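In: Provided below for reference: sequence and predicted model.
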Amino acid sequence: DVHLEQAELTMEDLLELSKSLAKDKDNIEGRCKLVMQFVELILQIWGKKLNSRPDAEKISVMGKKDAATYNQTRSYLKPLTKRLRKRTLPEDILECLVEIVEHCLERNYVGANDAYLTMAIGNAPWPIGVTMVGIHARTGREKIFSKHVAHVLNDETQRKYIQGLKRLITKCQVYYATVPSRCVEYKA
């Protein structure tokens, strides 16, 4: 069996929190709480599904691999939840995370995936970060700011929790299905 967190959350609780935050965009504490509870909810559902499998499936190679993926995702997301609790997550990353969570709550997984890709690889012109080549400043250099830079390249910890978040988006799509046009890789 895999380890489960104690919190009992529901998707309805998160939807209510999201609606209350729609009116108050400057509520950083509430936005951090929304993302943190979303992470805890999906991990909780995923863990319960893994624990409810028959013993034969748990000890199979695929069963062990699934449990290892769950445990790895939990460990990847620990730094994120820690930063959310302490409210030390950069504002632009928090903004992207809230957008991803809101899309997931609306069951718009295509939108969530787009927001994830924007956060992970950014939409800066390539090569990222090259602002001075030779003696002339690059045109449009002032347009390059943190929202356009790929956060996945910043450090290993960020790469891991961004990867863990993608796994949660995928699991959310499995547990809270919607019409195929709003899914990424429907029933793949």
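Out: That came through fine.
In: what about the closest residue to residue 1 other than its chain neighbours, neighbour count?
Out: Of all residues not flanking residue 1 in the chain, residue 51 sits nearest, at 4.7 Å (Cβ to Cβ, 6 or more residues apart in numbering). Bear in mind the C-beta positions are built from the backbone N, C-alpha and C, glycine included. For residue 51, the tally of surrounding residues (other Cβ atoms under 10 Å) stands at 14.
In: so what pLDDT did the most centrally placed residue in the chain get?
Out: Nearest residue to the geometric centre of the chain (Cα atoms, centre = their mean): residue 165, 2.9 Å. With respect to pLDDT, residue 165 scores 93.
In: that one: what's it in contact with?
Out: 39, 77, 80, 97, 100, 116 (Cβ atoms under 8 Å, 6 or more residues apart in numbering).
In: got a list of contacts for the one helix or strand the fourth one maps to?
Out: When elements are assigned from DSSP states H and E, residue 97 belongs to helix 91-105. Helix 91-105 is touched from outside by 11, 14-15, 18, 21, 28, 31-32, 34-35, 38, 89, 109, 111-112, 115-116, 118-119, 146-147, 151, 158, 165, 169, 172, 176, with contacts defined as Cβ under 8 Å, 6+ apart.
In: let's go with 7 Å and repeat that
Out: For helix 91-105, the surrounding residues in contact (Cβ atoms under 7 Å, 6 or more residues apart in numbering) are 14-15, 18, 31-32, 34-35, 38, 111-112, 115-116, 118-119, 146-147, 151, 165, 169, 172.
In: after that helix, which helix or strand is next?
Out: Sequence order places helix 109-121 as the next helix or strand after helix 91-105, per DSSP H and E.
In: and that next one, what does it pack onto?
Out: Here helix 109-121 touches helix 91-105, helix 156-175, going by 3 or more Cβ pairs under 7 Å, 6 or more residues apart in numbering; DSSP states H and E.
In: most tightly packed of those helices?
Out: helix 91-105 (a mean of 21; mean count of other Cβ atoms under 10 Å).
In: tell me the confidence at residue 48?
Out: Residue 48 is assigned a pLDDT of 90 by the prediction.
In: separation between it and residue 41?
Out: As for residue 48, its distance to residue 41 is 11 Å (criterion: Cβ to Cβ, to the nearest Å).
In: residue 69 falls within a helix, correct?
Out: Yes: under DSSP: H, G, I helix; E, B strand; the rest coil, residue 69 sits within a helix.
In: could you measure from it over to residue 174?
Out: For residue 69, the distance to residue 174 (Cβ to Cβ) stands at 13 Å.
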